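Participant: task: produce atomic coordinates for the following.
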Amino acid sequence: MILRRSIYFFKTALSNILYNRLVHMISIGTITISMLLLGFFLLLSVNIKNWLGDWGEALSMSVYIENDLDDAAKAKIESAIKGLKGAEIKEFITKEQAMASLKSHLGDQAGLLEGLKANPLPGSYEIIFHETVDYRADPEKIKTDLEQINGVDEVQYSKQWVERFQGVMDMLRVIGLITGGFLCTAVLFITTNTIKLTIYSRRDEIEIYKLVGATDWFVRVPYLIEGTIQGLLGGIFSYGILLGIYSVFSIKTIQVFGLPLIDFQFLPLTYSMAVIGLSLILGLTGGLVAIGRFFRV
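Facilitator: Sure thing, here's the model as predicted:
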């Protein structure tokens with residue numbers, strides 16, 4: 001009995017979808033686009049978060065020196081750096097090397113630098129710190145101490161940039177929540193109205209069912225299944241498109257102005273299932289809202 005009813009409910013839901021296939025195709029397409037945008041935002045957010053986490057674990061510093069320092073002043077700075085626990089001078093970048101690197105990053109726009117009368121970029125010592133479980137460097141204290149040395153112009157460290165990017169991430173998270181709320185509302189609106197149209201087109205049939213004694217829930221269930229199918233298909237299609245775009249166009253590693261490489265990865269399985277599950281739930285909720293307008297509880 002239960003199996004027979006279940007088969008009937010699914011057949012009726014599929015019949016409704018085929019009967020109004022154009023409307024349902026538009027609805028599923030819109031749900032797919034909405035979930036695709038949400039999935040793209042999650043993909044970007046997850047990769048930036050992982051990058052910041054990996055980059056923030058390794059402390060590195062750039063010690064910028066004043067122009068025209070003599071060898072004795074440079075030797076004093078080098079000695080101070082080597083005296084720091086866990087510190088290693090990775091390289092010294094001259095003014096000329098810094099300018100060449102900047103031109104390389106600018107690419108076709110490097111001509112903008114041709115008008116400069118003098119090279120304004122400072123030389124710098126690039127330092128990395130080998131931290132252990134027993135020792136964690138205090139970057140702010142090291143920065144303050146180094147900047148007190150004669151000839152040192154400025155010190156910047158990697159975790160400063162992580163902290164700055166973290167503020168950007170917090171802002172993006174808020175924007176993402178707002179955008180996600182709008183997208184979910186749009187999916188609910190579209191699913192609800194699509195099912196409403198189906199109900200309107202079958203209202204005479206529904207009246208006949210009720211006249212012969214069918215319960216409200218017997219009539220409601222196919223429309224709930226209809227909404228669920230819309231949401232499920234929209235979620236699956238959006239996942240497939242996102243995976244396809246990632247596989248075809250993804251740059252697996254990205255380097256930004258000499259910063260550590262970003263390993264661009266696809267969404268974890270839990271996030272992928274969450275996108276599909278959210279789409280399904282929104283479809284079911286849209287069905288509940290639609291039938292609530294036409295049936296007495």
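
Participant: tell me which stretches of the protein form helices.
Facilitator: Secondary structure of the chain (DSSP state H): helices located at 2-19, 21-57, 71-82, 95-106, 139-147, 158-201, 203-211, 216-249, 269-292.

Participant: next, the buried residues of the fifth one.
Facilitator: So the one you mean is helix 139-147. 139, 142-143, 146 (16 or more other Cβ atoms under 10 Å). Using the backbone N, CA and C atoms, a C-beta is placed for each residue, glycine as well.

Participant: mind putting these into JSON lines with distance to Glu154 and pLDDT?
Facilitator: Below are those laid out as JSON lines (distance: Cβ to Cβ, whole Å; pLDDT from 0 to 100):
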{"residue": "Pro139", "distance to Glu154": "14", "pLDDT": "73"}
{"residue": "Ile142", "distance to Glu154": "13", "pLDDT": "80"}
{"residue": "Lys143", "distance to Glu154": "9", "pLDDT": "81"}
{"residue": "Leu146", "distance to Glu154": "9", "pLDDT": "83"}
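
Participant: from those, pick the one nearest Asp216.
Facilitator: Asp216 lies nearest to Pro139 out of these, by Cβ to Cβ, at 65.9 Å.

Participant: would you confirm that that closest one contacts Val155?
Facilitator: No - contact between Pro139 and Val155 fails when scored by Cβ atoms under 8 Å: they sit 9.1 Å apart.

Participant: tell me, what's touching those two both at once?
Facilitator: Residues touching both Pro139 and Val155 (Cβ atoms under 8 Å, 6 or more residues apart in numbering) are Met61.

Participant: contacts only, for Ile2.
Facilitator: Contacts of Ile2 by Cβ under 8 Å, 6+ apart: none found.

Participant: before we move on, back to that, which one of the buried residues of helix 139-147 sits closest to Ala98?
Facilitator: The nearest member of the buried residues of helix 139-147 to Ala98, counting by Cβ to Cβ, is Leu146 at 18.5 Å.
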